[in-house]
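S.K.: 3D model of this:
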Amino acid sequence: MHADITLLMINAGVVGAIHTLVGPDHYLPFIVLSKARKWSLPKTAWVTFACGVGHVGSSIVIGLIGYALGASLKHLNFIEAIRGQVAAWILIAFGLVYAAWGLHRARRTGPDGHTHSHGGFLHSADHVHDPKTGETINLTPWILFIIFAFGPCEPLIPLFIYPAATSGWASAFLVAAVFSGATLAVMLSVVLASSFGLERIPLRTWGRYSHALAGASIALTGGAIQVFGL
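M.R.: Numbers count the residues shown, from 1 in each chain. Take a look at the predicted model:
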């Protein structure tokens, strides 16, 4: 293995880890939704992992298509920037809608913590029923996956394109694998550690507003991306 590829792999791992840590959108939505929806740690890990794969995978696909079509790195970065803006607005919209649903649900939750209304918007806002089996399909993980698959991973594009142009596709995919592995490792570590800690914090009075608070947190995360470019 050439020294420059080794250096690129190290750089990719460091950049992937830092990029994930400084971007709260990589972990905060999973933390707050895991608490609000009472997901188990295995389910939280699976949803986080799937969304992380969609996040880095979409940028690799765009890099492949752009390189094959002869697009410049500048053009690819411009596409990723546009995707970032759109993804942030989608995150804000999802957070606001989820917060509104959470408030709607809280108003219909009794002192015993149980929801006593079972019709209309309250019943169906967060899930659908399989038309064949009648089984409940939770929409929240799928919405998260779509948001993260659409969201860009800007630092990956140059790290992927440069070795592809200078050393071949094998080196490019090796560098991308290191970046992706570091990103997923940090996402899972932060989400699972935070979720494990939050399991030990009783919500009590605020429990009925957990969904509203989760939605507000997600919307604020999207707002921070727009304002500070995280």
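
S.K.: so where is this structure shaky, pLDDT-wise?
M.R.: Scanning the chain for pLDDT under 70 picks out the ranges 1-3, 71, 109-137, 201-207, 229-230.

S.K.: one more time with 80
M.R.: Within the chain, the stretches with pLDDT under 80 are 1-4, 67-77, 108-139, 152, 198-208, 228-230.

S.K.: quick one: contacts for the most centrally placed residue in the chain?
M.R.: Nearest to the geometric centre of the chain sits F148, at 4.4 Å (C-alpha atoms, centre = their mean). F148 sits next to 51-52, 54-55 when contact means C-beta atoms under 8 Å, 6 or more residues apart in numbering. Using the backbone N, CA and C atoms, a C-beta is placed for each residue, glycine as well.

S.K.: Let me know the helix or strand that it is in.
M.R.: For F148, the host element (DSSP states H and E) is helix 140-150.

S.K.: And for G70?
M.R.: Going by DSSP H and E, G70 is not part of any helix or strand.

S.K.: since we're on it, how many residues are nearby?
M.R.: When neighbours are defined as other C-beta atoms under 10 Å, G70 has 7 of them.

S.K.: just the helices in this structure please.
M.R.: 3-22, 28-36, 41-68, 73-107, 120-124, 140-150, 156-166, 169-198, 210-228 (DSSP state H).

S.K.: taking these together, which one is wrapped up most tightly?
M.R.: Most buried of the helices of the chain, by mean neighbour count (mean count of other C-beta atoms under 10 Å): helix 28-36, with a mean of 24.

S.K.: helices or strands up against it?
M.R.: Judged by 3 or more C-beta pairs under 8 Å, 6 or more residues apart in numbering; DSSP states H and E, helix 28-36 is in contact with helix 41-68, helix 140-150, helix 169-198, helix 210-228.
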